[in-house]
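Enquirer: okay, sequence plus prediction incoming.
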Amino acid sequence: MTIFESGDFAADIKQVLVATSSVERFGRSWRLSRPVEQADGTVLTGKLGFERVGETESVIYDEASQDFISREERSQEGAFVHYALHYESQYMVVEIDPPDIRPESVRGALRDLIQENPYGHRFEVDFVSNGQAFVDWLSDVTEVATFKVSIRRPNPDFGRSREIRELLEESNAARVSIDARAAKNESLEIEKSPFGAYAEYATDEHGRVQAQGYRDESPSSYDSDQHRLSQTIEAETREPSETLFDKLIDALRWVISQK
């Protein structure tokens, strides 16, 4: 806690998730809507989204000159999703809208918005897992047969290891994928090799890890994308926010029941 925090999570988080906050991420301006309390004041609901203004080129046929003319026009695009936050458990559920708004972009935007708050509150945002972490899976298996990792370039101020910085920045790569298979009668070494750093980086918001191995003689597999607690909800096209909030609150109750 900082000297500005009251120890009352509801009071403190309402000072952070406010409509006056904004952050720039990868050319997008992320904002929050004015939050509203629901479910007898136990849940805070709102919207998280971005707007982006750019230049596009359009082509028209000019009747006067009887010729095609190119001209620059300003374009504005954006997207938003709904969220519901339960005060007591401190769990938040957020809808996603791929490819514009993915789980990683939600967490990154929320982290940045929280850091921008003027009160110095130190809240952290992380995914809720429904299973093992990769390091726990490694400790359970006796052999690793295959390892796949896909990593992508992070926010520029992200503190990553020297190996990952060199791999992504010096190569000018937006994404790198590694597909490793153990030599005959051997097991892949993950934790003591660069693979360990790549896996840690990927599972911390910036990629995906997949592996196959054996626990004694029994096959075992791991996929980081399958270890985030999620639920599918039915939503109509352009469904009103009021009903979406109701569905998210129901999903929030389910999340709380799982933990």
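Expert: Cool, got the structure. Just so it is clear, the structure is predicted and the values come from calculations on it, not from any experiment. Numbers count the residues shown, from 1 in each chain.

Enquirer: so Gly207 is in contact with Val149, correct?
Expert: Yes. In this structure Gly207 lies within contact range of Val149 using Cβ atoms under 8 Å: 6.4 Å. The way it works is simple: take the backbone N, C-alpha and C, and place the C-beta from them, glycine included.

Enquirer: identify the contacts common to those two.
Expert: A shared contact of Gly207 and Val149, defined by Cβ atoms under 8 Å, 6 or more residues apart in numbering, is any residue touching both; here these are Tyr198.

Enquirer: okay, now Glu200: neighbour count?
Expert: If you count neighbours by other Cβ atoms under 10 Å, Glu200 ends up with 18.

Enquirer: that one in helix, strand or coil?
Expert: helix (DSSP: H, G, I helix; E, B strand; the rest coil).

Enquirer: got the contact list for the lowest-mean-pLDDT helix or strand in the chain?
Expert: Within the chain, confidence by mean pLDDT, DSSP states H and E is lowest for helix 162-165 among all helices and strands, at a mean of 75. Contact with helix 162-165 is made by Ile151, Pro194, Ala197, Tyr198, Tyr201, as judged by Cβ under 8 Å, 6+ apart.

Enquirer: just flag the most distant two among those residues.
Expert: Ile151 and Pro194 (11.3 Å; Cβ to Cβ).

Enquirer: more neighbours, the two?
Expert: The neighbour count for Ile151 versus Pro194, taken as other Cβ under 10 Å, is higher for Ile151 (23 against 13).

Enquirer: top helix in this structure by residue count?
Expert: For the chain, the helix reaching the highest residue count under DSSP state H is reported as helix 241-258.

Enquirer: ok, now which ones touch Tyr222?
Expert: Remark: with contacts taken as Cβ under 8 Å, 6+ apart, Tyr222 is in contact with Gln132, Phe134, Trp137, Val209, Gln210, Ala211, Gln212.
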